[in-house]
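**Student:** whatever this is, show me its structure:
(3 chains)
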Amino acid sequence: MISNILLYFLFGMSFLCLIRVIFGPTMADRMVAIDIFGILVVGICGLLAIITRRSFLIDIAIAWILLSFIGTITLAKYLTGKKLDE
Amino acid sequence: MNDINIFSIIFFVIGVLFDLFGCIGLIRLPDVYNRLQSATKSVTLGTCSILFGLFLHYGFTAAGLKALIAIPLLFFASTVAAHALIRGSYTFGIKLWKGTVKDDYKDVKK
Amino acid sequence: MRYITLFLIMFILWMLFTFNGELPNIVIGITVSLITTLIFGRSFVKDTKKFFQPKRYFWIIVYLIIFVWECIKANIDVAYRVLSPKMPIKPAIVKAKTTLKTDIAKTFLANSITMTPGTITVDIIDDEFFIHWIYLSKEKPEEYTHIILGRFEKFLKRIFE
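**Tutor:** All right, here's what the predicted structure looks like:
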């Protein structure tokens, strides 16, 4: 029961991040918010694994960590003004 | 539903609380650099805490050990991402907040 | 030697990630580790003898305990700054000199600084760290260098050098 409530809290926080994505004054603000959003999804995956009793969701969490890492690095490299294959 | 042990619930609650602080910081703080400060690290610690609670729930099984090695992975991923983002936004030319006291990096950059 | 160490690390990681002791899985793991080793072996650390000295692992455990403690303490500090209505922040980018020599030790020091809430490494140029700090509490360079770097440096020196 308590993990369901915590899951709803995490969903609410994801909406806070989306507010920052929409209203962020600069491009970097939006990137930070997307990065945070990716980390929050890992937590959501973990709690879902507990609630639905399906432990393969942890594999999804690991894959999500790596993918969001690569995405953030790519965006940050774009921010510094380099081409992506440098 | 009641078979989750009490320690993992404690870790979940701590983790979600730190996530909440990080997201409040993301909304409240004035500029990109300070937002990265609060957000990345509080949220990372919170999610690490949730993963540790997961490890306590599953014990030394396949799922539990995967949750345990996800912690250093998340740790390195988020630190390197934060570093790349802060350096990228400095190079991009985003101004520091007007209350910033000191900037040693400016001299090196130009 | 370097290639063998990297191969072992990769293989152990693969086994931990998949967690499956069947023969096809092990064969796939060996193949993937070999490909990864051949591509990335050039950029691995040079001095691989340090991986096989058990004394260093003991210091890693001590360091982890201290690091987690510092991390929690500093997180509570940042949470206080975020939540209090007046927001007592005083951000600054400061310069700090380190005494560590090897590259991997510097990398770990930068990661530790970034993970401790309140400080982020912006850049490393030779042995100078540029650190964004959310609350500049001391004015003199020696004092804040000691505060930021001092608590991790002596353990990292024992682990990596």
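
**Student:** the nearest residue to B:A84 once chain neighbours are set aside: neighbour count?
**Tutor:** Leaving aside its sequence neighbours, B:A84 sits nearest to A:A76 (CB to CB, 6 or more residues apart in numbering or on different chains; 3.8 Å). Every C-beta, even on glycine, is put in place using the N, C-alpha and C of the backbone. When neighbours are defined as other CB atoms under 10 Å in any protein chain shown, A:A76 has 25 of them.

**Student:** what do you get for C:A110?
**Tutor:** C:A110 has 21 nearby residues by other CB under 10 Å.

**Student:** the helix or strand it falls within near chain B at all?
**Tutor:** In this assignment (DSSP states H and E), C:A110 forms part of helix C:103-115. Yes - using CB under 8 Å from any CB of the partner chain, helix C:103-115 reaches chain B at C:A110, C:N111, C:T114, C:M115.

**Student:** contact partners of whichever helix or strand comes after that helix?
**Tutor:** Next helix or strand after helix C:103-115 toward the C-terminus (DSSP H and E): strand C:119-125. Identification of contacts with strand C:119-125 by CB atoms under 8 Å, 6 or more residues apart in numbering or on different chains yields B:33, B:36-37, B:82-83, B:86-87, B:90, B:105, B:108, C:93, C:106, C:110, C:113-114, C:129-134, C:148.

**Student:** angle of strand C:119-125 against helix C:103-115?
**Tutor:** 150 degrees (axes from the mean of the first three to the mean of the last three CA atoms, to 10 degrees).

**Student:** packing partners for the longest helix along chain C?
**Tutor:** As assigned by DSSP state H, the longest helix anywhere in chain C is helix C:54-83. With contacts defined as 3 or more CB pairs under 8 Å, 6 or more residues apart in numbering or on different chains; DSSP states H and E, helix C:54-83 has these neighbours: helix B:6-28, helix B:32-58, helix C:103-115, helix C:141-160.

**Student:** can you list the buried residues in the helix of greatest length in chain B?
**Tutor:** In terms of residue count, the longest helix belonging to chain B (DSSP H) is helix B:62-92. For helix B:62-92, burial by neighbour count (16 or more other CB atoms under 10 Å in any protein chain shown) applies to B:62-71, B:73-75, B:77-90, B:92.

**Student:** what of stretch C:33-47?
**Tutor:** Buried, per 16+ other CB under 10 Å, within stretch C:33-47: C:S33, C:T36, C:T37.

**Student:** send over that stretch as PDB, restricted to the C-alpha atoms.
**Tutor:** Output in PDB follows, covering the C-alpha atoms of stretch C:33-47 (Å, rounded to 0.1, in the frame of the first residue of the first chain):
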ATOM      1  CA  SER C  33      34.200  -9.100 -23.500                       C
ATOM      2  CA  LEU C  34      36.800 -10.000 -26.100                       C
ATOM      3  CA  ILE C  35      35.400  -7.500 -28.600                       C
ATOM      4  CA  THR C  36      35.100  -4.800 -25.900                       C
ATOM      5  CA  THR C  37      38.700  -5.500 -24.800                       C
ATOM      6  CA  LEU C  38      40.100  -5.200 -28.300                       C
ATOM      7  CA  ILE C  39      38.400  -1.900 -28.900                       C
ATOM      8  CA  PHE C  40      38.900  -0.200 -25.600                       C
ATOM      9  CA  GLY C  41      42.100  -1.800 -24.300                       C
ATOM     10  CA  ARG C  42      44.200   1.100 -25.500                       C
ATOM     11  CA  SER C  43      42.600   3.600 -23.200                       C
ATOM     12  CA  PHE C  44      42.600   1.500 -20.100                       C
ATOM     13  CA  VAL C  45      44.800   2.400 -17.000                       C
ATOM     14  CA  LYS C  46      48.500   1.600 -17.500                       C
ATOM     15  CA  ASP C  47      49.500   0.300 -14.100                       C
END
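
**Student:** could you see whether chain A lies near that stretch?
**Tutor:** No - Stretch C:33-47 is not in contact with chain A by CB under 8 Å from any CB; minimum separation 14.0 Å.

**Student:** average pLDDT for that stretch?
**Tutor:** For stretch C:33-47, mean pLDDT is 82.

**Student:** and for stretch C:2-15?
**Tutor:** Mean predicted lDDT for stretch C:2-15 stands at 85.

**Student:** so who does the residue nearest in space to the middle of chain C touch?
**Tutor:** Closest to where the C-alpha atoms of chain C average out (CA atoms, centre = their mean) is C:F108, at 2.8 Å. C:F108 makes contact with C:L156, C:I159, C:F160, according to CB under 8 Å, 6+ apart.

**Student:** go ahead and confirm the last one touches C:F51.
**Tutor:** No - counting by CB atoms under 8 Å, C:F160 does not reach C:F51; the two are 11.1 Å apart.
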